[in-house]
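1. Quick check, what structure comes out for this input:
(chains A and B)
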Amino acid sequence: MTLSRSARWRASLAAVRISALQFLADPQWLIPSMIAPVIFGLVAFELFRGLGQYFAIYAILGAGMMSMWGQTLYGSGWATGQDREFGTLEPTLQAPTPYLYVILGRVTWNVLTGLIGGAIVYGVVVLANGSVPALQNPAGFVLLFAFVILSLAAVGIVFAAFYVYTRYAGFIQNIGEFAFYVGTGCMFPVVLLPFWTNPIALAFPPTWALDALRYLAIPGYQGFAWGFWPDLAGAFATTGIYLAIAGTVFRRVERHVLEIGDVQDY
Amino acid sequence: MTELAIEARGVERVFVSRKGFFLNEITRTEALRGVDLNVEAGEIFGLLGPNGAGKTTLTKILSTLLLPSKGEAKVLGLDVTKEAAKLRPRMGLVLGGERGLYNRVSARENLRYFADLYGVPVAEREHRIQKVLDRVGLIESADRRVEEYSRGMKQKLHLARGILHEPEILFLDEPTIGLDPKSARETRKLIRGLVTDGVTIFLTTHYMFEAEELCHRLAVLTKGRVVGRDTVAGLRALVGGDRTLEVEGYGFEDAEVEALKRLPGVSKIVSEEFGPRLRLTLRLRTGELRVDAVRALLNSHPELTVRERQTSLEDVYLDLVGDGS
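-> Numbering: from 1, shown residues only, chains lettered A, B, ... in the order given. I've put the predicted structure just below:
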């Protein structure tokens, strides 16, 4: 008898819970989740100050996304890396719950901490600005914002799969993290970057979603030449592709680790 | 016919590792070379072997953590490679050691997490956790962080996790390693209790007395091959008998050793040096050879000592493993 679907989702909730307990028990997480967003918010505010009347929104989006990127995506990969380090990956993979459900729980927790980081950035910029910046389309912004989180999570799940696949995934992610900050347009709109970086950036769902988000937030925003709707379509398409990749990669990775037998190594 | 809990046929496992900048230095290690094994339901089956013999590899294959390179294995009638999803809820695995636990959270939280991963019903979860904590003797420290635990307490927690979902078969990889004598004895008692409850136990150990005390049947694995498989008495017979004579003196002539070999009932002679003294261990097939006969043959050695004892599992193990240890 295999595990029922409801039992698998309960395992995802258990992964949220164990992630939360580990987070609360380890003060090191305060730095990326609570302190870094304050610094990101202040730096972005000073960086964008004077660049037009909507500079505060640029600052919130830039620093907020950087902070959420770190928590959601980096954290999701790192969670599996920690399972390797603690030696808990082996008993987790041996349990009847498919590892993808565990990762969904881990990613959910990281999304929540990412949102807290985003909220901190928002608070810092509003405080520094002295007023709440008005959004062009608040309802659309909120909806799309939720989708941005999903697009980050999709990339996060793919990264987590690499951590199961190889103990050297951290090396790749550490190299990629800062390049992705810039490349996906978290800090600056991608259109401000050299043209040759665009194809790389477009391979990531957050690039499309973030550009669309700016269209909804900033009146008169000029992002990619194709405008808002193709941005939105691109965001949906790339996120779908990443989720499909994540599902496929996970099934293959689970098989691969049984062939290689190195999950106990760190 | 007795129901089989484990059937392994021709199980082989080759590990391929790559080194070098371009990963072009390939090393192949044959960890298992055609293992055949039957374990009956409800028995404690012990797997003995030196370090690197392939014990953990075989345990991982049987517990669905590793794929065999060749051969097939069934646990509880299910194929370990093709039916792992059906098998996992019915089996437990205890690898033990310092790792494998969330150290910054409590033992209870560790068990809650794995209870959910194993699909333990919510209504039963807390009761089961309490029961296993009580069973392994961790009830009073259940809410302490695991990082504050001693090695022995961690080992008990590994065991608690292994039995939390009430498996039909439990794989134990050196379950008493690192435990103090009292805890080790409690663990052995717990293992016997599990068998009384109907759980089949497959355990690997380096402790011969533990294997002798616990296991109904044993297999000795060396260099990836099973070199002996039977009850303790059966294994004694396999290496030559259940009586052993130890003859010690300051060196023996080759002719004397040959004469000893020709004595009735002697199946095997192993010689070991202890400083200036030489010990000949004579494995006896039958009870006909007496100490006096050996003394009479070696009467030119005034310093001679001859002792008779039962062949121990350690003797059997050393005979079977040979230079593989």
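2. Spatially nearest residue to the residue of the stretch 151-300 of chain B found nearest chain A (excluding sequence neighbours)?
-> Closest to chain A within the stretch 151-300 of chain B is B:Arg161: 7.0 Å, counting by CB to the nearest CB. In short, each C-beta sits where N, CA and C put it, glycine included. Leaving aside its sequence neighbours, B:Arg161 sits nearest to B:Phe114 (CB to CB, 6 or more residues apart in numbering or on different chains; 5.1 Å).
3. and that neighbour, how far is that from B:Ala85?
-> Here the criterion is CB to CB, to the nearest Å. By it, B:Phe114 lies 17 Å from B:Ala85.
4. re the thing from before, my read: the residue of the stretch 151-300 of chain B closest to chain A touches B:Leu95, true?
-> No - in this structure, B:Arg161 is not within contact of B:Leu95 by CB atoms under 8 Å, at 10.2 Å.
5. B:Phe114 and B:Ala85: who's more crowded?
-> When B:Phe114 and B:Ala85 are compared for neighbours, B:Phe114 comes out ahead with 27 against 15, by other CB atoms under 10 Å in any protein chain shown.
6. now whichever residue of the stretch 51-200 of chain A sits closest to chain B: how far from A:Ala246?
-> In the stretch 51-200 of chain A, the residue found nearest to chain B is A:Gly87; the distance is 2.7 Å by CB to the nearest CB. Noted for A:Gly87: a distance of 24 Å to A:Ala246, by CB to CB.
7. Which one's more surrounded, the two?
-> Here A:Gly87 and A:Ala246 are compared on neighbour count by other CB under 10 Å; more neighbours surround A:Ala246, at 24 against 19.
8. Is the more buried one in a helix, a strand, or coil?
-> Classification of A:Ala246 using DSSP: H, G, I helix; E, B strand; the rest coil returns helix.
9. separation between A:Tyr215 and A:Ile60?
-> Per CB to CB, A:Tyr215 is found 15 Å from A:Ile60.
10. One more: B:Ala73?
-> In terms of CB to CB, B:Ala73 sits 57 Å off from A:Ile60.
11. Which of those two has more residues huddled nearby?
-> A:Ile60 (25 against 21).
12. element containing that one, please.
-> Per DSSP states H and E, A:Ile60 falls inside helix A:55-68.
13. What is that helix packed up against?
-> Contacts defined by 3 or more CB pairs under 8 Å, 6 or more residues apart in numbering or on different chains; DSSP states H and E place helix A:55-68 against helix A:36-48, helix A:99-129, helix A:138-165, helix A:205-217.
14. What segments of chain B are helices?
-> Along chain B, counting by DSSP state H, helices occupy B:55-62, B:84-87, B:107-117, B:122-136, B:151-163, B:181-196, B:208-214, B:232-238, B:254-262, B:291-297, B:313-321.
15. Adding mean pLDDT, write these out as JSON lines.
-> Shown next, in JSON lines, are these (pLDDT from 0 to 100):
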{"stretch": "helix B:55-62", "mean pLDDT": "93"}
{"stretch": "helix B:84-87", "mean pLDDT": "92"}
{"stretch": "helix B:107-117", "mean pLDDT": "96"}
{"stretch": "helix B:122-136", "mean pLDDT": "94"}
{"stretch": "helix B:151-163", "mean pLDDT": "92"}
{"stretch": "helix B:181-196", "mean pLDDT": "90"}
{"stretch": "helix B:208-214", "mean pLDDT": "88"}
{"stretch": "helix B:232-238", "mean pLDDT": "81"}
{"stretch": "helix B:254-262", "mean pLDDT": "88"}
{"stretch": "helix B:291-297", "mean pLDDT": "84"}
{"stretch": "helix B:313-321", "mean pLDDT": "81"}
